[in-house]
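> Quick one: sequence plus predicted model below, questions after.
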Amino acid sequence: MAAPTYDFFHTRVLRTHRLSPGMLRIVLGGPGLDALVSGGRDQRLKLFLPQEGQDVPVLPDLLDADWYPRWRALDPAVRGIMRTYTIRDARRDPVEVDIDFALHGDLGPASRWAARAVPGDRLTVLAPVVPDNGGVDFQPPGDTDWVLLCADETAVPAVAGILEWLPAGTVVKAWISVGDPADRIDLATKCDAEVTWLTRPASLPAALAAAAFPAGAPYAWVAGEAAVVREVRRHLVGARAFPRPAVAFAGYWRDGTSEDALLPAT
């Protein structure tokens, strides 16, 4: 039997830090969290949040290989709320994990939970325990000449992780769409990076269509609202003739639809 690549960690909020009006960092700690391993870049994990009125998320015996269908079989009004997020940072001294939340007011359970979070609040995370864990989409091939990043605010934590991970001198062109100019944050990198921030209603696809791209073999990573991601991908593989394998894309959310509605059947 193959060794597990993910495990469950029962964590507590240690502190929170407002990065911008619409972005909140929550620092987590907890027993055994030193076993968590991040592949960096856009590394995914799952958060299980408590329902309103609960102190901890209700989950089945998560050490069983069949935890997912048994979680799905629980009453949706009672079971822990599952959401997908990016590991922004994982430290060893002290043992802490950062998760950055794009806040959307009262529009979703994760945003509501994060906005109210205080030290001591509890949640469970399903997180990697090996670096090569299938939860990283940003995988540029060795012959890449330059990198294109396209994102909205929900993908800013992943963009930040990618820019920190890329080696010095990498040519990067990035376009990031946000709803408020105040949500533009500093992005540390050693790359040769040009970051263009757009404030909606400015269109991310329109900005890309008007942009001049560098010469050479590209690698694109596109994440954010699903319809916008599809439009950007069509432009890149169509008008720009990017090879399909050179475009990694992910719909982090879908306008008008919650993540619960997108869960696969058991």
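Sure, I can see it.
> ok, residue 249 - how many residues close by?
Number of residues near residue 249 (other C-beta atoms under 10 Å) recorded here: 18. The C-beta positions use only the backbone N, C-alpha and C, and glycine is treated the same way.
> Quick check, pLDDT for it.
Per-residue confidence for residue 249 comes out at a pLDDT of 98.
> what do you get for residue 2?
Residue-level confidence at residue 2 comes out at 68, pLDDT.
> likewise residue 255?
The per-residue confidence score, pLDDT, reads 88 for residue 255.
> Hmm, it is touching residue 229, no?
No. Because the distance of 11.3 Å does not satisfy C-beta atoms under 8 Å, residue 255 is recorded as not touching residue 229.
> Contact partners for residue 96?
Residue 96 makes contact with 14, 27-29, 33, 89-90 under the criterion C-beta atoms under 8 Å, 6 or more residues apart in numbering.
> ignore the last one, residue 99
When contacts are taken as C-beta under 8 Å, 6+ apart, residue 99 is in contact with 25-26, 28, 47, 85-88, 157.
> got it, and residue 246?
Each residue near residue 246 by C-beta under 8 Å, 6+ apart is listed here: 141, 144, 217-220.
> Which of those lies at the shortest distance from residue 202?
Proximity of these to residue 202 was ranked by C-beta to C-beta; the top entry is residue 220 with 19.7 Å.
> now the helices: where do they sit in the stretch 151-266 of the chain?
Taking DSSP state H, counting those that start in this stretch as the criterion, the stretch 151-266 of the chain contains helices spanning 156-165, 204-209, 226-237.
> residues making contact with the longest one?
It refers to helix 226-237. Outside of helix 226-237, the residues that reach it under the criterion C-beta under 8 Å, 6+ apart are 148, 150, 152, 177, 204-205, 208-209, 220, 222-223, 242-244, 247, 249-255.
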